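> Sequence and predicted structure are below.
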Amino acid sequence: MTTSIFVNLPTTDLDRSKAFYEALGYAINPMFTDENAACVVLDENVYFMVLTRDYLGTFTDKQIIDPKSQAQALIALTCDSREAVDAIVATGLAAGGSEPRPANDLGFMYTRDLEDPDGNILEFLFMEAAAVEQGPEAFLAEQGGSAPAGA
């Protein structure tokens with residue numbers, strides 16, 4: 001059985017959100033898109049369901065947070081290189097997103113955060129393949145460095 005992931009994100013402007021995610025290179029699946037929701041296809045098993053705040057509220061009794069001032073989740077997406085991380089963040093900034101903090105370079109992993117126009121946080125990252133196989137400390141020791149605290 002293949003598992004698919006659907007991440008539900010609130011928006012105050014569905015058309016703006018669709019344009020933002022399309023600018024990042026993702027497709028919108030029209031079969032699961034209407035005036036309340038848009039299905040953003042990241043790949044064949046990963047989807048963002050961008051939902052109006054009112055519609056998202058029909059799925060839970062909990063308060064829908066304002067992602068501009070509160071964080072409920074940080075969604076991390078891998079990229080094939082540091083350059084790919086920089087490129088997608090640059091595209092997102094040009095499409096109306098914002099970068100809430102500077103890039104984070106841990107030696108074995110490079111990350112940049114991008115907030116969509118609603119404030120939902122996407123973290124784009126590249127991790128050295130050897131660090132994935134060996135673990136960050138072994139990789140950095142091989143490179144002559146050490147892992148930062150908490151890595």
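Yep, that arrived. Numbering: from 1, shown residues only.

> which intervals of this structure have sub-threshold pLDDT?
In the predicted model of the chain, residues 131-132, 145-151 satisfy pLDDT under 70.

> Centre of the chain to the longest helix along it, how far?
Taking DSSP state H as the criterion, the chain has its longest helix at helix 82-94. In this view, helix 82-94 has its centroid 12 Å away from the chain centroid, taken as C-alpha atoms, centre = their mean, to the nearest Å.

> Can you mark which positions in it are buried?
82, 85-86, 88-89, 92 (16 or more other C-beta atoms under 10 Å). Using the backbone N, CA and C atoms, a C-beta is placed for each residue, glycine as well.

> I'd like the next helix or strand past it.
Per DSSP states H and E, the first helix or strand lying C-terminal to helix 82-94 is strand 104-105.

> Give me the sheet partners of that next one and which way each runs.
Counting by DSSP bridges, the strands paired with strand 104-105 are strand 109-115 (antiparallel).

> Now do the same contact list for the residue lying closest to residue 118 once chain neighbours are set aside.
Nearest residue to residue 118, sequence neighbours excluded (C-beta to C-beta, 6 or more residues apart in numbering): residue 11, at 5.0 Å. Going by C-beta atoms under 8 Å, 6 or more residues apart in numbering, residue 11 touches 17, 50-53, 118.
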